[in-house]
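Fold the following.
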Amino acid sequence: MLALVNHVLLPEHQINAESGEVEGGTIDEKRAEATRRLAIRELLRQRARALSIDTEGRLDAAIDDLLEAEVAVPEAEETDCRRYFEANRERFCTPVRVRMSHILLAAAPDDAEARIEARKQADELIAALQRDPSRLAELAQAHSRCPSADLGGDLGWVGRGQTVPELEDVVLRLSLGLAQRAVESRYGFHVVVVAEREGGAPLPYDHVHPLIADYLRERSWRRAVSQYLGILIAEADIQGVNIEAADSPLLQ
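Here you go, the predicted structure:
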């Protein structure tokens, strides 16, 4: 089916090219997302031209000019910043890092049978370490599929951004000692022992106020642009495009 935005055809070659920029999904899903992105850009191009904003050879800049002209975003008020700080104090701390060791029971994300077996083996190793914590290095060398196995499982100090997020999200919150449950990641299951922990001290409001103000303004901008696009979409004649399937790429 042809994709039309206010009777303007979205060229097939542009859809194919944009599909190559879409991450993840099937071929059909990539094509649908690419078509939706191009439809939104075409809507914005048409609106910019209606306001006599030059779009020739500078569409991205023209869209910026358009949004600046038509989307009003207020600065974050001091009371809003203070309220957000008080409601999210746990987010505003000095960076946390832990000195940890682990045993990785490897299993591919799409291998359900292997992941069941890895979890079972991890539970058995946790039980063994509960009985005798001194066996950590021995068990890591025997079972871990991480290069740290040669070091008895020792990973040293680990902070945010040094491993995979799903592992960090758990280990940076763990108490000292052996984790009572295995930690799952894309690589499999980890038996984790935390030896030391640093950071986590609360930061004062004045220190984080600029970050909060920027975040609240960005959130307001995203909401305002989403509403603006909703108005353009509602007023447009769009055919062959599921244009409201997801958030605008402008907001990503």
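
Next, count neighbours for V225.
V225 has 18 neighbours, counted by other CB atoms under 10 Å. Any C-beta I mention is one placed from the backbone N, CA and C, and that applies to glycine too.

list the helices and strands whichever helix or strand it is part of packs on?
Assigned by DSSP states H and E, V225 falls within helix 205-235. Applying 3 or more CB pairs under 8 Å, 6 or more residues apart in numbering; DSSP states H and E, we find helix 205-235 packed against helix 27-50, helix 59-70, helix 78-87.

excluding its backbone neighbours, what's nearest A39?
Spatial nearest neighbour of A39, excluding adjacent residues (CB to CB, 6 or more residues apart in numbering): V241 at 4.5 Å.

typed the wrong thing, it's E184
E184 sits nearest to E166 (CB to CB, 6+ apart), 6.9 Å away.

Across the sheet, point out what pairs with V193.
S101, L178 (DSSP bridges).

you'd agree the residue nearest to A39 is up against L2?
No - assessed by CB atoms under 8 Å, V241 is found out of contact with L2, at 9.7 Å.

Neighbour count: these two, which is higher?
V241 (23 against 9).

tell me the secondary structure for that one?
coil (DSSP: H, G, I helix; E, B strand; the rest coil).

OK, contacts around E70?
With contact taken as CB atoms under 8 Å, 6 or more residues apart in numbering, E70 is in contact with 47, 51, 228.

Can you tell me how far it is from P204?
E70 is 38 Å from P204, where distance means CB to CB, to the nearest Å.
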